[in-house]
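Visitor: Quick one, structure for this:
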Amino acid sequence: MEESHSYHRAYLKRVCRLRFSFFTNDFLIALRNLALARRERGTSRDGQ
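Guide: Numbering: from 1, shown residues only. Next comes the predicted model:
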């Protein structure tokens, strides 16, 4: 019983990590697209 419980927790942890990595990936892609669009429009004033 105890090992099945730990297996379930490990599975949940893996699923959460997978979802989090997917979310972070989408977030980074969106940020990159935003930065590129901003740079193309010339509205960013960071001097990059």
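Visitor: the helices in the chain, which residues?
Guide: In the chain, the segments counted as helices under DSSP state H are 2-41.
Visitor: Below-threshold pLDDT in it: ranges please.
Guide: Along the chain, the parts satisfying pLDDT under 70 run over 1-2, 43-48.
Visitor: Pick out the residue nearest the middle of the chain.
Guide: residue 24 (0.4 Å; CA atoms, centre = their mean).
Visitor: quick one: that one from residue 5, how far?
Guide: Distance of residue 24 to residue 5, computed by CB to CB, to the nearest Å: 28 Å. The C-beta positions use only the backbone N, C-alpha and C, and glycine is treated the same way.
Visitor: next one: residue 13
Guide: For residue 13, the distance to residue 5 - CB to CB - is 13 Å.
Visitor: Residue 21 now?
Guide: According to CB to CB, residue 21 and residue 5 sit 25 Å apart.
Visitor: can you check residue 37 too?
Guide: Distance, residue 37 to residue 5, by CB to CB: 48 Å.
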